[in-house]
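Colleague: Compute the structure for the input listed below.
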Amino acid sequence: MTGDIIFSAALPEELPQVISAQTAESAFRTITTRVGKASAAYRLTREIMTRRPRLVINIGSAGSCNLNVGDIVVCSRFVDRDLQPLSIEGVLSDISMAPVSGLPSIIGGQPQMRSYICNTGDDFVTGSDIANGDVIDMESFALAMVCREEGVPFVAVKYITDRVGQNSVKVWADKLRDERQALSEYVARYILISNSSHE
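Modeller: Residues are numbered from 1 along each chain as shown. This is a model prediction of the structure:
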């Protein structure tokens, strides 16, 4: 089937329940890419070659230095913190994708039509000295790169589970339940209804 929406998450635990409950006949597909840029790029590329989706949505958890736990952030710009320090011609470390209409960020419980920057790298960030980005993860830049090369629209919807430098991995694990519930409500309100109205 072509024209599906693919939801990608690094880990199965990050997928909202409302997405996991979709039937095999639905227009939504889910993939888990595992952690890190290389695995994410490989697994999404394989899925795009098979399905040719009309949209890819990366969904899941992220850290932040300047946003609060519980905020939901829509990102359409992606930077690679591993490559950004290099001043070598031809090295791409910053990708902007066209915003997806109708997907608000939820900041302090209030919707706002603003897009944020996701900072991606293959390390666990423990300090608050990230120079460029509102949220921090380990896959989104690679996913955006694949979609850019394949001409597939891409957006990331991230639930802030931790403040960088303030919380431990255990706090992140404890927050996954909240993440799944909040993103289930978000997807049901802003994505599933919107998609069904266009079918």
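Colleague: who touches stretch 76-89?
Modeller: The set of residues that contact stretch 76-89 without belonging to it, under CB atoms under 8 Å, 6 or more residues apart in numbering, is 37, 91-100, 115-123, 130-133, 140-141, 144-145, 155-156. Every residue, glycine included, has its C-beta placed from N, CA and C.
Colleague: residues of that stretch that come out buried?
Modeller: Judged by neighbour count (16 or more other CB atoms under 10 Å), stretch 76-89 contains these buried residues: Ser76, Arg77, Phe78, Val79, Asp80, Arg81, Leu83, Gln84.
Colleague: Alpha carbons of that stretch, as CSV, please.
Modeller: In CSV, the C-alpha atoms belonging to stretch 76-89 read as follows (Å, rounded to 0.1, in the frame of the first residue of the first chain):
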residue,chain,number,x,y,z
SER,A,76,10.8,20.7,11.5
ARG,A,77,14.5,21.8,11.8
PHE,A,78,17.2,19.2,12.7
VAL,A,79,20.8,19.7,13.5
ASP,A,80,23.5,17.0,13.9
ARG,A,81,25.6,17.9,17.0
ASP,A,82,28.3,15.4,15.9
LEU,A,83,28.9,17.1,12.6
GLN,A,84,28.0,20.7,13.4
PRO,A,85,31.5,21.6,14.8
LEU,A,86,33.2,20.5,11.5
SER,A,87,33.9,23.3,9.1
ILE,A,88,34.3,21.1,6.1
GLU,A,89,32.7,22.0,2.8
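Colleague: quick one, helices of the protein?
Modeller: Secondary structure of the chain by DSSP state H: the helices cover 17-20, 37-51, 140-150, 169-187, 193-197.
Colleague: Just say which of those is most tucked in.
Modeller: Among the helices of the chain, ranked by average contacts under mean count of other CB atoms under 10 Å, first place goes to helix 140-150 (a mean of 23).
Colleague: so what does that one touch, helix or strand wise?
Modeller: For helix 140-150, the elements it packs on are helix 37-51, strand 55-64, strand 72-80, strand 94-96, strand 116-120, strand 154-163, judged by 3 or more CB pairs under 8 Å, 6 or more residues apart in numbering; DSSP states H and E.
Colleague: Please repeat the previous calculation with a cut-off of 10 Å.
Modeller: Using 3 or more CB pairs under 10 Å, 6 or more residues apart in numbering; DSSP states H and E, the elements in contact with helix 140-150 are strand 5-9, helix 37-51, strand 55-64, strand 72-80, strand 94-96, strand 116-120, strand 154-163.
Colleague: how about Gly108, phi and psi?
Modeller: Per-residue torsions, Gly108: phi 60, psi 30 (degrees, to the nearest 10).
Colleague: any idea how far it lies from Ala38?
Modeller: In this structure, Gly108 lies at 36 Å from Ala38, with CB to CB, to the nearest Å as the measure.
Colleague: likewise Ala144?
Modeller: The span separating Ala144 from Ala38 equals 15 Å under the rule CB to CB.
Colleague: and what of Gly109?
Modeller: 36 Å.
Colleague: for Thr32, same thing?
Modeller: Here the criterion is CB to CB. By it, Thr32 lies 15 Å from Ala38.
Colleague: Please give me every residue in contact with Ala98.
Modeller: The neighbourhood of Ala98, defined by CB atoms under 10 Å, 6 or more residues apart in numbering, consists of Ser76, Ser115, Pro153, Phe154, Val155.
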